[in-house]
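Asker: Generate coordinates for the sequence data below:
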Amino acid sequence: MALCIGVMGAENQPLLIKISPNIQDPIKFHFMLHSALDVVEEKSQPLPKTPGSISGADLRELYLGLLYPSSDEVRVYGYCANTRMKMILIVEASNTTLRDNEIRTMFRRLHVAYSNMIMNPFYDVGQPISSKSFHDFVDSMIAA
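Answerer: Residues are numbered from 1 along each chain as shown. Modelled structure (predicted):
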C-alpha cells in the first residue's frame, strides 16, 4: 500500500525510514521525506490566538493531509503528533483506492503502534527505533 514510511523526531532527526523493496531509487524517497519536513513544519504551526479562544490551547489537527503531489507517480502525506514527532507516508498516485479517510486510518494505526513502542522503559525517546514489533508493523503497512 505504502511505498515509503518515515518517522522523524521532534528535531527532524530520522527515527525510522522504511522503503518498499521494489523501489529502484531509494535516494529519491529519502529526498522526498526530508523535503516534506519543510511542509510539515509550515503546516504544523499553532493557529493564531483569536479573541475569546482558550489561551495557550494548541488547536491544530494532527493529520496534515496531502503535503504536496510531488509528481505524477507519488503522493506525500503528513502527520505531526503533539510531541512534534512527525510521520510521512508516500503512496503511489495511481492507487485510486486510497481515500483520505483510509490514509488517516493508516496514520492513526501507525501512531498507536509508535505510542505502544515508546512505552517500553528501555527505549530512549529521540533515538533510532530498533523495536522489532514496530519494524514488523511498518513492514506490514508497506507490504499490504
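
Asker: Quick check: which helices or strands does the helix or strand of the chain with the lowest mean pLDDT pack against?
Answerer: Taking mean pLDDT, DSSP states H and E as the measure, the helix or strand of the chain with the lowest value is strand 63-68, at a mean of 86. For strand 63-68, the packing partners by 3 or more Cβ pairs under 8 Å, 6 or more residues apart in numbering; DSSP states H and E come out as helix 26-43, strand 74-80, helix 100-118. In short, each C-beta sits where N, CA and C put it, glycine included.

Asker: what about the ones you listed, which gets the closest to Val91?
Answerer: Closest to Val91 of the helices and strands packed on strand 63-68, according to Cβ to Cβ: strand 74-80, at 5.5 Å.

Asker: just the CA coordinates of the closest one, formatted as PDB?
Answerer: Written as PDB, here are the backbone C-alpha positions of strand 74-80 (Å, rounded to 0.1, in the frame of the first residue of the first chain):
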ATOM      1  CA  VAL A  74       3.600   9.500  -5.800                       C
ATOM      2  CA  ARG A  75       1.700  11.500  -3.200                       C
ATOM      3  CA  VAL A  76       3.200  12.600   0.100                       C
ATOM      4  CA  TYR A  77       1.000  12.800   3.200                       C
ATOM      5  CA  GLY A  78       2.000  14.000   6.700                       C
ATOM      6  CA  TYR A  79       1.100  13.600  10.400                       C
ATOM      7  CA  CYS A  80       2.500  15.600  13.300                       C
END
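
Asker: Thanks a lot, catch you later.
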